[in-house]
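1. sequence first, predicted coordinates after that:
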Protein chains: 2
Amino acid sequence: MSVTTIDYGKLFSAGLPDPAVRWAPFPKYYFVGGNNDPEQIPIEGLVEAAASVLRREGSKLAIYNLGMGPQGYPGLRQFVADKSARQRGIKAPIEDILITTGSGQGLDMVSKLLVNPGDTVLTEEYCYQGAINRFRKLGAKLVAMKLDADGIVIDVLAQQLAELKAHGITPKFIYTIPTIQNPTASILPLERRHALIALAREYNIAIFEDECYADLLWDNVEAPPALYALDPGCVIHIGSFSKSLAPALRLGYLIAGWDIMSRLLPLKGDSGTGALDQMVVAEYFSQHFDRHLGHLNSILRGKLDAMTEAVAREFGAVAECWTPKGGIFLWIKLPAQIDVRKLVKPAAAAGIVFNPGPEWAVSADNSSNCLRLCFAMPSKETIRDGVAELARVCYEQTGIPVRSGNITRS
Amino acid sequence: MSVTTIDYGKLFSAGLPDPAVRWAPFPKYYFVGGNNDPEQIPIEGLVEAAASVLRREGSKLAIYNLGMGPQGYPGLRQFVADKSARQRGIKAPIEDILITTGSGQGLDMVSKLLVNPGDTVLTEEYCYQGAINRFRKLGAKLVAMKLDADGIVIDVLAQQLAELKAHGITPKFIYTIPTIQNPTASILPLERRHALIALAREYNIAIFEDECYADLLWDNVEAPPALYALDPGCVIHIGSFSKSLAPALRLGYLIAGWDIMSRLLPLKGDSGTGALDQMVVAEYFSQHFDRHLGHLNSILRGKLDAMTEAVAREFGAVAECWTPKGGIFLWIKLPAQIDVRKLVKPAAAAGIVFNPGPEWAVSADNSSNCLRLCFAMPSKETIRDGVAELARVCYEQTGIPVRSGNITRS
């Protein structure tokens, strides 16, 4: 610490995270992160929305929270209420809606609301890393819920809950992404949703429903109503504008009744979510949501097809893909003898970044041969070339895949 | 909790804050909060800036942090670097600048960096409530630094530090607002700045410099260079766009060398600050900062004059005002026998909200007869009427002020 004139080492608090490393630009094949397609940002629509909303309400920016309270810009809350009613079956007045600074803030707030060190939390066996990390940081013990192609396997969960109860353990909540699960991109069927709620009520466990990707459904895919729509009395619901529009905006939302909302609000702690972001998105999406999402989803579907085709071509039968019903990622299972963590460094040397399964799972035991590839940001050409490069790296490291389609490696 | 279908009371974590109450619109005379003058928001300038920056770089919104790293939009960091060099004497490359989600996030991060429960922190005896609350929440013990009309009284501080050392106590940091102190609005002279740094180095204490209000200086008022400019090796510097432009935007900044920055970055935890806010402010202020601030400060000065004249007219000699050299608030001392906390309820009944001294001080002992009135948001007429109402309430509750100027109460 050559530039410092005091010894900061004596002053740092205990238990700090490791220091950051200097940021570096993305490598060529960047298949991680919840990024979107840069070409689909509706520039002119946002320009028009900004002009319109600033001229109508811009003077309110002079006041914290626009002088309209800590739950967020009412125009955006109304949009969330309308969209959630229309598409997710949720009947919530804007008093039950909170705009958050990204859905990550919702994750932080709900975790703090419910988790004491040592508490048990149930998560899907393959699960969003940001959620797993947050729960564990607060000292939660995670119990993995078994997944199949339709999401949580209810019978297994029922058995787990009975066993936990027999051991005197009451989990605090079930964290689930029922609609475009992250990373498997499945959709939980209606009867399983009802069964999940029945279990939550039987065992007095809250359900924490994360619907970050629920706007990204392929054409003709229908999702059942949100869990919150089926029973708002035991569900806390979060969503995001990162996936439907743009993650750099930092806009998410949380839906809960006042009993819960009143306990969550004091945990927000950021003096409000950025108001210009809120105003512009409300103005734009109030008019253009369906058209924007219809177009975006067709583009994303095309990129997924490019990726699944490339995986089939390059990896052949050794790669099993879960079939996404929407979203921005593909979850791939390789043969059990491959530990994808050993591919991270050689892949990075080839300009490839991917999510190794153990970072997206409760346990490495059933995920060390899995990986997640995100397809929204890269072009189709980059997807094709990157998957081919990844197959080459995998072959060099593991001898697999030797052959697929008309490609033979040696 | 009638609408819930499970008993959340069994699930809440320990030590939650009190529940929020439903938000209500501001009362008539709202003299609290770091709000700005709604009429001074440069609407057309922001519309133009939004169009320009969105057309140039809007597609980057598809990527977290615009794909440009966690320290914030480079255009805004460059603006902060230029402004800080020009006006505060700070030589910092943009690598040493972090855009924060309001300066409150900077306060959170620096507190977490340095404070363990039981640690001692030095703050000015009258001090920003948001800082006091954050430090105490982490378990810090606050030691008050004596203030006079020019800020921290160095001789007294030197004596305190010697005494703390004699008791084996090493404070973690000195938190100071040296340029437009909150709430006294004083400016620390250059020789005191040098003396403060010498003490920090002698006792190995970090200086946490908060310059949230340093852009709001009256015409012909000169501020000495920032403490960070005098010794970046022992100072962490934060600033804000809430006061120079608009608090609803949630934009602040932090300046520190990489030794410190690399430890702070992992504590940010919000996946980036809202990018549209950053881009629009960078675009607008890169061209219009001096003109905007010159105009804003002349307006604020006029409102301060309206307030000090009203206080003199309504309270007369019983109210001693600290003389602001800039900013948005007035710190007033009433006779020692008045406890302003007893005025809060009757004032609220008359539609008046103010900051009672004990909420803006380390101790109630020397602040229970003090109050802070903010003047940026209300109109001059509201300021005049509100101060008159406050004097009436004060007289009804305490018998003071009986008479001032040509006003006699009975």
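-> Arrived safely.
2. what's the longest helix in chain A?
-> Taking DSSP state H as the assignment, the helix of chain A that covers the most residues is helix A:275-315.
3. return the distance of that helix from the chain's centre.
-> The offset between the C-alpha centroid of helix A:275-315 and the centroid of the whole chain comes to 15 Å, using CA atoms, centre = their mean, to the nearest Å.
4. and stretch A:373-387, by the same measure?
-> For stretch A:373-387, the distance between its averaged C-alpha position and the chain's averaged C-alpha position is 19 Å (CA atoms, centre = their mean).
5. hmm, who's touching the helix or strand following the longest helix of chain A?
-> Using DSSP states H and E, the helix or strand that follows helix A:275-315 towards the C-terminus is strand A:320-321. The contact list for strand A:320-321 (CB atoms under 8 Å, 6 or more residues apart in numbering or on different chains) reads A:308, A:311, A:330-333. In short, each C-beta sits where N, CA and C put it, glycine included.
6. what lines up beside strand A:320-321 in the sheet?
-> Next to strand A:320-321 in the sheet, as set by DSSP bridges, lie strand A:329-333 (antiparallel).
7. the partner strand vs helix A:275-315, what angle?
-> Comparing the axes of strand A:329-333 and helix A:275-315 via axes from the mean of the first three to the mean of the last three CA atoms, to 10 degrees yields an angle of 30 degrees.
8. pull strand A:329-333 out as CSV, backbone CA atoms only.
-> As requested, the backbone C-alpha atoms of strand A:329-333 are provided in CSV (Å, rounded to 0.1, in the frame of the first residue of the first chain):
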residue,chain,number,x,y,z
PHE,A,329,-29.6,-19.4,-20.9
LEU,A,330,-29.1,-23.1,-21.7
TRP,A,331,-28.3,-25.7,-19.1
ILE,A,332,-26.1,-28.5,-20.5
LYS,A,333,-25.2,-31.8,-18.9
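9. name the residues of it that are buried.
-> Across strand A:329-333, burial judged by 16 or more other CB atoms under 10 Å in any protein chain shown covers A:329-333.
10. the stretch 51-200 of chain A: strands as residue ranges?
-> Taking DSSP state E, counting those that start in this stretch to define them, one finds strands in the stretch 51-200 of chain A at A:97-100, A:120-124, A:141-145, A:147-148, A:151-152, A:173-176.
11. dump the contacts of strand A:320-321 into JSON lines; add pLDDT as well.
-> Listed next are the contacts of strand A:320-321 as JSON lines, based on pLDDT from 0 to 100:
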{"residue": "A:Thr308", "pLDDT": "98"}
{"residue": "A:Val311", "pLDDT": "97"}
{"residue": "A:Leu330", "pLDDT": "98"}
{"residue": "A:Trp331", "pLDDT": "98"}
{"residue": "A:Ile332", "pLDDT": "98"}
{"residue": "A:Lys333", "pLDDT": "98"}
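12. so which of the strands of the stretch 51-200 of chain A gets nearest B:Ile205?
-> Each of the strands of the stretch 51-200 of chain A has some distance to B:Ile205 by CB to CB; the shortest is strand A:97-100, at 36.5 Å.
13. that older thread, now the contacts of strand A:320-321 in CSV, with distance to B:Glu57?
-> Output for those, formatted as CSV (distance: CB to CB, whole Å):
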residue, distance to B:Glu57
A:Thr308, 32
A:Val311, 33
A:Leu330, 29
A:Trp331, 32
A:Ile332, 34
A:Lys333, 39
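14. can you list the helices and strands that the longest helix of chain A packs against?
-> Of the remaining helices and strands, those touching helix A:275-315 by 3 or more CB pairs under 8 Å, 6 or more residues apart in numbering or on different chains; DSSP states H and E are helix A:43-57, helix A:74-88, strand A:329-333, helix A:380-398, strand A:403-404, helix B:275-315.
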